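Colleague: pasting the sequence and the predicted coordinates here, then a few questions.
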Amino acid sequence: MKIGTKAVHAGVEPDPSTGAIMTPIFQTSTYVQAAPGDHKGYEYSRTHNPTRTALEKALAELENGTHACCFSSGLAALDAIIKLLRPGDEVISTNDLYGGSYRAFTQVFAHYGIQFHFVDMTNLEEVKGAVNDKTKMIWVETPTNPLMRIIDIEGCAAIAREAGAWLVVDNTFASPYLQNPLDLGADFVLHSITKYIGGHSDVVMGCVVVKDAELDSQIRFIQNACGATPGPQDSFLVLRGLKTLHLRMRQHCVNGEAVAKFLADHPKVGEVHWPGFESHPGHAVAKKQMRGFGGMISFTLKGDKLEDALSVLSNTHLFALAESLGGVESLIGHPASMTHASIPKEQRMKAGLKDSLIRLSVGVEDAEDLIEDLKQAIG
C-alpha cells in the first residue's frame, strides 16, 4: 500500500456502533467493567483510549513499524526513550541538534549520570570515534535543525549494531512521507507530531515508533507509568491531519524548492541550506534515503550581520515570525534566539549556527506570493 493510501486509511475503521467513518472522540477517563479485570480492552484513559489507539496504529503503519506510542509532546517522547538508559550509559548525538533536545540531554538527563557526546555525524568516522563500551544509544536527527545537514541512517545503524547500541532517529523534519528510518536500520523513530504530521499548528504531541514488540513494551510501560499522554481531542485532530499528509508534503516540497532556488540566486543572500541542491554536502545521501527534500530551509545574508537578519525577520508579511514548523502556513524564525537559545553561543558557533542564520518553514501557499514576500523583506 502506497503512502497516500496509508495516510487516508491507516489505523481507521468505521465505528462499529454507528458506522461513523471517522474515529469518534472518546472523551472519557474510565471504562465500565463487567467484573474486576473483565473489560473490553480499556480500563483507564492514561493507559489506553480508543481514539489514541487508532492514531497509534496509523502512525505505526506510516513508518512501516509494528507499534507506536503517542505522548503529550515531542520532548515527552524523547524523555521516554532516554528513560530506557541507566546511570553510566553514554549517548552519541549530532552537534547540530534541536535546542530542546540538547537542553533535555545536558540540563536534565546529564544530572542522572548519563553522558552525551555531540559530534559531526555527517562524518561517520567521528561517530565511530566516539563509540566506547558504555555507548548505549546513537541519536540521529536528519535533516538536522537548523542547518539542514544530512546524516547517513544506514551508516549509523551499522555502527550502532556493531556497538550493541540502539539507533534513534528524530524524523520530524522529513515526516514519514519523505523518509522511513526503520527501513534503514533504526530501532526507534521519534516525531514531534506538532509539526508536519499534525500539519495545522493546532496540536502539541509526539510519538515513538518501533518494529520490536519488546521495545514497544518498555516504551509503553514508561508511557503509562509516567503519564505524559495526549488526550482524545488532540488524537482526533492528528487523525484528521494525517489524511492530507501526502498532499501537504508534496506542496511543501514544491514550494521549498522554489523558495530555495530564489534565495540561492538573490544577490544579498549568502549561504542557503537545503539538501535538494546538488552542491549540498549531503545531497547524495539525502537522495538515497529520502523521497524528496522538504520545505525546511535556512540561510544567511551576505556580511552575516545580525541587524540585517533581524530586519528581514521583522518585515515579512506571509512568513509569520513564530516558533515551530511544519504547518500549512509559512513561518520564519531566528534559531539563535528562539529554537536554539538554550544551546550556549560557543557551542552554536562551533557547530556552524551563526547568530545571523534565518530558518524558514515553507508552507503550502502559492510559491510566487512567498517569494514576493521574501523579496520585499530582503530588499
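Modeller: Thanks, I have the structure now. Numbering: from 1, shown residues only.

Colleague: residue boundaries of the strands in the stretch 51-200 of the chain?
Modeller: Residue ranges of the strands in the stretch 51-200 of the chain, as given by DSSP state E, counting those that start in this stretch, are 67-71, 90-94, 115-119, 135-141, 166-170, 188-192.

Colleague: JSON lines for those, including distance to E214?
Modeller: (Glycine included, C-beta is placed from N, CA and C.) Converted to JSON lines, these look like this (distance: least, CB to CB, whole Å):
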{"stretch": "strand 67-71", "distance to E214": "10"}
{"stretch": "strand 90-94", "distance to E214": "20"}
{"stretch": "strand 115-119", "distance to E214": "25"}
{"stretch": "strand 135-141", "distance to E214": "16"}
{"stretch": "strand 166-170", "distance to E214": "12"}
{"stretch": "strand 188-192", "distance to E214": "12"}
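
Colleague: winner for burial among these?
Modeller: The highest mean neighbour count among the strands of the stretch 51-200 of the chain, using mean count of other CB atoms under 10 Å, belongs to strand 188-192: a mean of 28.

Colleague: related to what we said a few turns ago, possible to save the strands of the stretch 51-200 of the chain as CSV with mean pLDDT and distance to M205?
Modeller: Listed next are the strands of the stretch 51-200 of the chain as CSV, based on pLDDT from 0 to 100; distance: least, CB to CB, whole Å:
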stretch, mean pLDDT, distance to M205
strand 67-71, 98, 6
strand 90-94, 98, 22
strand 115-119, 98, 25
strand 135-141, 98, 18
strand 166-170, 98, 15
strand 188-192, 98, 8
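
Colleague: nearest to M1, of these?
Modeller: Among these, the nearest to M1 by CB to CB is strand 67-71 (16.8 Å).

Colleague: which residues does G198 contact?
Modeller: Residues in contact with G198 (CB atoms under 8 Å, 6 or more residues apart in numbering) are M205, L237, V238, G241, G326, G327.

Colleague: just the pLDDT for it.
Modeller: Looking at G198, its pLDDT is 98.

Colleague: any idea how far it is from L147?
Modeller: G198 sits 24 Å away from L147, going by CB to CB, to the nearest Å.

Colleague: one more: L374?
Modeller: Distance, L374 to L147, by CB to CB: 19 Å.

Colleague: ok, I222 - how many residues close by?
Modeller: Number of residues near I222 (other CB atoms under 10 Å) recorded here: 20.

Colleague: and for the one 3 residues further on?
Modeller: Under the neighbour criterion other CB under 10 Å, A225 is assigned a count of 11.

Colleague: for N64, same thing?
Modeller: Neighbourhood size, N64 [other CB under 10 Å]: 16.

Colleague: and T51, by the same measure?
Modeller: By other CB under 10 Å, the residues close to T51 number 25.

Colleague: hang on, isn't it packed against F26?
Modeller: Yes. Using CB atoms under 8 Å, T51 makes contact with F26 at a distance of 5.0 Å.

Colleague: what residues are shared contacts of those two?
Modeller: With CB under 8 Å, 6+ apart, T51 and F26 have common neighbours P232.

Colleague: mind listing the helices for the protein?
Modeller: For the chain, the helices defined by DSSP state H occupy 3-9, 50-62, 74-82, 99-107, 124-130, 153-163, 175-178, 213-226, 232-242, 245-265, 283-289, 306-315, 345-351, 367-378.

Colleague: average pLDDT across the third one?
Modeller: Going back to what we said before, that points to helix 74-82. On average, helix 74-82 scores 98.

Colleague: domain-wise, how is the chain divided?
Modeller: 3-242, 245-378 (automatic domain parsing).

Colleague: ok, and for stretch 294-306, which residues are buried?
Modeller: Residues G294, G295, M296, I297, S298, F299, T300, L301 are the ones in stretch 294-306 that count as buried (16 or more other CB atoms under 10 Å).

Colleague: please apply the same query to stretch 149-168.
Modeller: Going by neighbour count (16+ other CB under 10 Å), the buried part of stretch 149-168 is 149-153, 155-157, 159-160, 163, 165-168.

Colleague: for L306, see how far away K345 is.
Modeller: Applying CB to CB, the value for K345 to L306 is 12 Å.

Colleague: returning to that earlier point: closest to A351 out of the buried residues of stretch 294-306?
Modeller: Nearest to A351 out of the buried residues of stretch 294-306 is S298 (CB to CB; 12.6 Å).
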